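J.: need a 3D model of the sequence below.
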Amino acid sequence: MKDTVGSVSRRSVLKTGATLAGGIVAGMPLSQAIWAAEGKVLKARSHRDIATFDPAFYSGTIEANVMACIYSKLTHYKPGSQWGWELEAAEKIEQVDPTHIRFRLKKGIKFTGGHGEVTAKDVKFSFERVIKLDAPTKLDWGSLDRVDIEDDYTGVIVLKTPFVPLWGIALPHAVGHIVSEDAVMKATKDGGNFGMKPPAFSGPYVLAEWRANEHLLLTRNPDWSGPKPGFDEIRIVPIGDDKTAERAYQAGDIDFTRISLDSFAAFKSNPPADTKVEKYSSSNYSWLGMNLDHPKLKDINVRKAIQWAINVPQILDAAYGGQAEVATGTVPPGIVGHRDKALVPAEGDLAKAKEFLEKAGVSDLTLTIDCLNDSTSSTIAQTVQAQLSQIGITVEVNVQDPGSFWTLGMESEGDRWKEMQLSVMAYVGMPDAYYNTNTWVQAQVGVWNWERFRSERFDELVAEVRTIDDPDERAKLYYEMQDLLEESGAFRFLTNGATPIVYRTTQAQAATRPDGEPLYRDFKPV
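T.: As a prediction, this is how the structure comes out:
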């Protein structure tokens, strides 16, 4: 549901062992495979490794970007500067009434491995499976009840109550991907999580090879009957640090990547040869989180002291070279629900912070702050460390690799959540603020709600907002949700950032969502 990554230690290398398009065999060294390829090859960077190929258990846009190449959806995001969707596997789709959406599939979309056509039965299985498995991603489906089948190609999505975000999140994003019921049931026996071993494909590409923390290779799907994709192969390399990715780009190892915000001005004024440099508004949101259940942070006065001691513009200058704007909450500008200002001023107030600490009767407080091992996150953590020292709080910075960091607050991964105190957090957002707020319902405590925030009122608002069409009315509820988060003292909102990208114009014409995320199947070769 959020852009995070699972435990690397549990991953295993996946090899299909099948003959690939162009005569390449899965299991060949990647360099050999690339040089052996005939035709166009797209080399792109992702900011972390993929964690699963199962749409019901995706953890962020990294998975969604890849799944969009190897599976089909009823609709998908249109590339361009404005959020919108268009038909994909659906020939037609319409909202019959507030709780019924009828779709009709295109004929002739096939699953690989002899698993037949994509039918309404597969759509029913794929969508209902997310709910039946109680997957963390079920929030994306909101009030989904079931899918009724009318014939092989026609079905009706039935909701318990209206669910407005279905059009902007569920259908065109990750949980909207359609998997083969026949293939999944044969692979898992019970329709459960197939993890890193997808049993069948239905998109323009198939997975040829995946090596943990090394690369992912996609090749043309010989069974694909739709429009021919632009590239014969797509090679995706996980590189966690933007600075490292910039060097890889300049060395010619990759042709598309996000770059750091503090490098944007330099790239823009003096770009590498044959390079397009672009910056997109981001739907992301980052913040400093505090574990409400940790004994050192149970007193709201301690949390308020931390909130008021943090000077956000100073952090953004240090971490982003002044290229990022201050966030007012989890909802970025341009999306319904964006607040004009936060409750705590961006610059904070050290005198007020000290007053809260005195009120708590705390002195010589020592805390830990966890962050990812990329340069931006570690700079944020170190700046927070320096700022809190000004009110007498000593902070120890724990820098961790993604596999370790993104399991910290998950109860399913052990008891490390009990030791969490402060954390530098960042999630990828979506065009509907429902996605940027539903993390903090009580059911998500110990899943994605690492602050362990609990509020009956917040849960009520999340349930209500998804039924409302009117943008002004929805916005009011999102304002209140963000107020509740901030009033808890467990959040200090930092930035929504931006997404600067570079790509080699001699290799590709890039296609992205309005937030700069790549839509690989829409990339065109040059």
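
J.: which secondary element of this structure has the worst mean pLDDT?
T.: strand 14-15 (a mean of 25; mean pLDDT, DSSP states H and E).

J.: so what does the residue nearest to Val399 when sequence neighbours are not counted have for phi and psi?
T.: Closest residue to Val399 apart from its sequence neighbours, by C-beta to C-beta, 6 or more residues apart in numbering: Asn373 at 4.9 Å. In short, each C-beta sits where N, CA and C put it, glycine included. Backbone geometry at Asn373, expressed as degrees, to the nearest 10, gives phi -90, psi 20.

J.: how close does Asn373 get to Ala245?
T.: 14 Å (C-beta to C-beta, to the nearest Å).

J.: then Trp167?
T.: 33 Å.

J.: please identify which of these two sits among more neighbours.
T.: Ala245 (26 against 17; other C-beta atoms under 10 Å).

J.: helix or strand: which one has Thr330?
T.: Under DSSP states H and E, no helix or strand contains Thr330.

J.: so who does it touch?
T.: Residues near Thr330 by C-beta atoms under 8 Å, 6 or more residues apart in numbering: Tyr285, Trp287, Gly429, Ala433, Asn436, Thr437, Gln482, Leu485, Phe493.

J.: switch to 7 Å and redo it
T.: Tyr285, Asn436, Thr437, Gln482 (C-beta atoms under 7 Å, 6 or more residues apart in numbering).

J.: what does Leu365 give?
T.: Lys296, Ile393.

J.: and it, its phi and psi?
T.: Per degrees, to the nearest 10, the backbone of Leu365 is at phi -80, psi 130.

J.: mind checking pLDDT for it?
T.: Leu365 is assigned a pLDDT of 97 by the prediction.

J.: for Leu316, what are its contacts?
T.: Leu316 sits in contact with Gly322, Ala324, Val326, Thr495, where contact means C-beta under 7 Å, 6+ apart.

J.: let's go with 10 Å and repeat that
T.: Residues near Leu316 by C-beta atoms under 10 Å, 6 or more residues apart in numbering: 261-262, 286, 322-327, 346, 380, 383, 494-495, 497.

J.: in helices, which of the residues you listed fall?
T.: Secondary structure defined by DSSP state H assigns Leu261, Asp262, Ile380, Thr383 of these to helices.

J.: what is the neighbour count of the nearest residue to the second one once chain neighbours are set aside?
T.: The spatial neighbour of Asp262 that comes closest, neighbours along the chain excluded (C-beta to C-beta, 6+ apart), is Gly321 at 2.8 Å. By the measure other C-beta under 10 Å, the count of residues near Gly321 is 15.

J.: I'd say Gly321 and Ser260 touch.
T.: Yes. Applying C-beta atoms under 10 Å as the test, Gly321 and Ser260 come out as touching, 8.0 Å apart.

J.: intersection of neighbour lists for those two?
T.: Joint contacts of Gly321 and Ser260 (C-beta under 10 Å, 6+ apart) are Ala266.

J.: low-confidence ranges in the stretch 101-250 of the chain?
T.: Applying pLDDT under 70 to the stretch 101-250 of the chain picks out no residues at all.

J.: can you give me the strands in it?
T.: Remark: strands assigned in the stretch 101-250 of the chain by DSSP state E, counting those that start in this stretch are 144-149, 154-159, 177-178, 205-211, 215-220, 233-238.

J.: redo the ones you listed as CSV? Include distance to Ala266 and mean neighbour count.
T.: CSV is the format used below for these (distance: least, C-beta to C-beta, whole Å; neighbours: other C-beta atoms under 10 Å):
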stretch, distance to Ala266, mean neighbour count
strand 144-149, 47, 16
strand 154-159, 48, 20
strand 177-178, 38, 26
strand 205-211, 33, 24
strand 215-220, 28, 23
strand 233-238, 23, 23
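
J.: distance to Lys359 added to those strands, as TSV?
T.: Below are those laid out as TSV (distance: least, C-beta to C-beta, whole Å):
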stretch	distance to Lys359
strand 144-149	46
strand 154-159	47
strand 177-178	51
strand 205-211	53
strand 215-220	52
strand 233-238	46
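
J.: circling back: pick out the most distant pair among the ones in helices among the contacts of Leu316.
T.: Across these, no pair lies farther apart than Leu261 and Thr383, at 15.0 Å, counting by C-beta to C-beta.
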